[in-house]
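Participant: Below: sequence and its predicted model.
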Amino acid sequence: MKSRLRTRPNSVEIDPAGVEPAATPDTVDPETGKCPHCGTPVEGGEDEFCCAGCEVAARIITAAGLERYYREREAFAPRPRPLPGGWDTVPTTRHADGTCEARLIVDGLRCASCVWLTERLLQSTPGVAEAMVSYATGRAVVRWHPEQTDLTRLAGRIASLGYRPRLLGEEAVPDRSLLLRLGVATFAALNIMLMSVALYAGWMDSMAPRFVALFHWASLVLATPVALWCAEPFFRGAVRGLRHRSLHMDLPIALTVAVLNLHGLVATVTGGDPYFDSLAMLVALLLAGRILEGRGRRRTAEAAVSLAASVPATARRVRGTALDTVPADQLDPGDVVVVAAGEELPADGVVLDGAGLVRMALVTGEAEPVTVGPGTRVVAGTVMEAGSLSLRVEAAGRDTVVQGMVAELENAAERPVRASSTDRIAPWFTAGTLGIAAATFGGWWLAADLSAGILAAVAVLVVACPCALALSRPLAAAAGLGAAARRGILFRSADALLDLDSIDLVALDKTGTVTRGEYQVVRADDSDLRIAAGLERFSSHPVARAVVEETAARGIPLPRGRDVVEEPGAGIRGIVDGRRWWLGAGAAGELELREEGSAGVGHRGPIALGDRVREDSAAVVAALGAAGFGVVLLSGDHPAVARRVGAAAGIDSIEAPLAPGSKARWIRGRQERGHQILFAGDGINDGPALAQADVAVAMGTGAAASVLAADAVISVPSLAPLLAGLRASQAARRAIRANQIRSIGYNVLAVAGAAAGLINPLVAALLMPLSSAVVIGESARVERVVSRAEQ
Amino acid sequence: MNAIVILLPVALILGGVFAVLFIVAVRKGQFDDLDDPPRRMLKD
């Protein structure tokens, strides 16, 4: 086993520019600069790196000849962190030419230059056959020759720059058939339209009948594939609806297309008005609406997959004197594994030896770490914040507590689909249209003759086709989903977005939702923090990261520590500003900083660690209240802690302590009293509550499984997108309502006209796009309404 | 007016060629990713 005692270099040895400033670590250097790689302020002038990771990153970039990145980037790079192993156990796709392929998600890509850098670095790695990184989705596809390199090395290359690769599973290929259908339908519609313009113009000064017939036959040739192939999704939808004994919105559409096509065929042969222009345009418009809706849904699905992608889990297993790394799910009960600070526990088990702080957030939902020692039961997936221990495995892989919770969550994600308001209107609409068409047919047959009856009935069916009504929902929903996504909240479906508007009570989980859910510095004196950061600067310990990040956030340049020695579990020692310091665990949730001088031991103020309420929580809660929503804080924590967080966030109504299962029970209780509840949470332990709520929102920074179970995911570390989502929902609902009223009003007028025999093909061809344009205009306003609400 | 008899098929065939080109482009995946190529171009 490697020595647990590590000494750190106190100065940077190699500098890409070849100028290493003379190190005078015993005096405070008044000159401050920024780390050339990540931009953290540091003492010691320009070209001083903040940590070894950044220095290595810069060296790699220079060695690959990619310095251009530093000139062109728009944002600093993240600080490199060590990447857990296990990439060699990942199954990869093998191609016929012997190369392997893997798909990765890369976190931390901040600008186009980051994407360029990652892609070029992979491409310049020996053995890589092909590498592509996408800016839009953060996905990387790499293909390599397995005899020359491997995934461990490639993932390590990405991680060494500060970006974080995670493994991506199989993903559905985008559906191209709708686009093909739209292309064909548009081609046909435009060509038919050209001929129709000639026909309508020819009406006025009588066109020769043979040309009219020619145009009709040509239109028939073009319109047939539109009706038979392009409109197929609508026929399928209608049949599926009928099989489920519901009159879906696709039914009246399919009916109109079928009637129009049959009528057109007969009219072409016998010489009537075939309405082919209306048919083709109708199908093209509806397909366009469907594609727009699908695009928004695809973006959300991609984002959910990205958030759920994971770093492969491995364990270090001890057998006799041998220590080897194995995939976590291949451990057997009775195996002994060792876990070091910063690692995830690989399996459920009992602590044999060692001690440390374990963050149980995954299970309990609380950010505060728990002290463990020999005999303590621990579960897989929790994080070792400090210390190290050996563990006897009791359950691994699928048998662990966490995997059981994940499986439960996945079951809960299968929510029944509720009927949308458009679907509720559809049956009445269909029945009404058919009734009126039948009455029109009968009326004209009795009053005039059979052919007049057929013509008038067809005209009714043409103008009654709910084109605008069918477009109103997908267009407004797509606009709402887009407006929400731009503000950091991704909805799984249009239904989830539109359901949000019926919510009257918002229940928020405490840790990770109202608070940041991270272990970070909450209280510290600037000068103490500066010294602590000097000691912790090169450490990869989670506490060290918290200290350095807070120091950088306060804009304090990092001093340089000298002779730094870290003893995991026993603190860190070193010299800063020529004085000797010790930093280590103090009282619960605090770091203690001591000066160890010749004059004795001098204590400095403690550095308090803990969870912090998000900066925007109070504003969001206030805005939710102003918008008429009730806000409740649900917490598994001590009531005093929950009340303190509630006070900071401005929430009066607090339910604590609630065990994970009783959060779901509390929600069910409120639902029984008639409330519609939105629940926002972040952990696997929130699973039952997420499943019980009417609308479930997961924090994207939380557990991957909660993301899969939720209706919506907040993709940025903030609560504000929740408000944006509610506003987008309101705006979209309002647009749909307005569109429904307008399109039904239009249909009533048009049907009345058609029944009276006043509609001819020209009027029908003009009316339909007009009503659709109104719907499109109304939907386009959603974004404007949402951004106005934000001011 | 008799020119229509020739012009109409010619126009439809020309249009049809473009429709086929569009179908080929979709099949080849040219429309799968509309966000990345415009950005990539700026970096090359």
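Facilitator: Right, received. Where do you want to start? Numbers count the residues shown, from 1 in each chain, chains lettered A, B, ... in the order given.
Participant: residue in chain B nearest to chain A?
Facilitator: For chain B and chain A, the shortest gap (C-beta to the nearest C-beta) falls at B:Asp35, measuring 3.5 Å. In this view, the C-beta of every residue, glycine as well, is placed from N, C-alpha and C.
Participant: Are we agreed that A:Leu471 is in a helix?
Facilitator: Yes: counting by DSSP: H, G, I helix; E, B strand; the rest coil, one finds A:Leu471 located in a helix.
Participant: Go ahead and confirm it touches A:Gly777.
Facilitator: No: applying C-beta atoms under 8 Å as the test, A:Leu471 and A:Gly777 come out as separate, 11.5 Å apart.
Participant: Between the two, which is the more surrounded one?
Facilitator: Shown here are A:Leu471 and A:Gly777; by other C-beta atoms under 10 Å in any protein chain shown, A:Leu471 has more neighbours (24 against 12).
Participant: count of residues packed around the spatially closest residue to the more buried one that is not a sequence neighbour?
Facilitator: Nearest non-adjacent residue to A:Leu471, counting by C-beta to C-beta, 6 or more residues apart in numbering or on different chains: A:Gly289, 4.5 Å away. By the criterion of other C-beta under 10 Å, A:Gly289 has 23 neighbours.
Participant: Return the distance of A:Gly289 relative to chain B.
Facilitator: Distance from A:Gly289 to chain B, counting by C-beta to the nearest C-beta, to the nearest Å: 17 Å.
Participant: Look at that residue and tell me its secondary structure.
Facilitator: A:Gly289 is classified as helix under three-state DSSP.
Participant: residue contacts, it?
Facilitator: A:470-471, A:474-475 (C-beta atoms under 8 Å, 6 or more residues apart in numbering or on different chains).
Participant: Considering these, which is situated nearest to A:Arg486?
Facilitator: Using C-beta to C-beta, A:Leu475 comes nearest to A:Arg486 of the contacts of A:Gly289, at 16.9 Å.
Participant: Not counting sequence-adjacent ones, nearest residue to the closest one?
Facilitator: Nearest to A:Leu475 is A:Ser779, by C-beta to C-beta, 6+ apart, at 3.9 Å.
Participant: for A:Asp348, same thing?
Facilitator: A:Ala395 (4.2 Å).
Participant: Strands along the stretch 451-600 of chain A, start to end?
Facilitator: Along the stretch 451-600 of chain A, counting by DSSP state E, counting those that start in this stretch, strands occupy A:489-491, A:505-509, A:520-523, A:562-566, A:572-576, A:579-585, A:590-597, A:600-603.
Participant: of all these, which gets the most neighbours per residue?
Facilitator: strand A:489-491 (a mean of 28; mean count of other C-beta atoms under 10 Å in any protein chain shown).
Participant: Mind giving me the packing neighbours of that strand?
Facilitator: Judged by 3 or more C-beta pairs under 8 Å, 6 or more residues apart in numbering or on different chains; DSSP states H and E, the packing partners of strand A:489-491 are helix A:276-308, helix A:467-486, strand A:712-714, helix A:720-755.
Participant: helices and strands of chain B: which one bottoms out on pLDDT?
Facilitator: Lowest by mean pLDDT, DSSP states H and E among the helices and strands of chain B is helix B:36-43, with a mean of 77.
Participant: Of all the residues in that helix, which ones are buried?
Facilitator: Neighbour counts over helix B:36-43 (16 or more other C-beta atoms under 10 Å in any protein chain shown) mark B:36, B:40 as buried.
Participant: Take it, keep the C-alpha atoms, and write them as PDB.
Facilitator: Output of helix B:36-43 as PDB, limited to C-alpha atoms (Å, rounded to 0.1, in the frame of the first residue of the first chain):
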ATOM      1  CA  ASP B  36     -22.700  22.300 -33.700                       C
ATOM      2  CA  PRO B  37     -21.600  22.800 -37.200                       C
ATOM      3  CA  PRO B  38     -22.100  26.600 -37.300                       C
ATOM      4  CA  ARG B  39     -19.900  26.800 -34.100                       C
ATOM      5  CA  ARG B  40     -17.300  24.400 -35.300                       C
ATOM      6  CA  MET B  41     -16.800  26.400 -38.500                       C
ATOM      7  CA  LEU B  42     -15.700  29.400 -36.500                       C
ATOM      8  CA  LYS B  43     -12.900  27.400 -34.800                       C
END
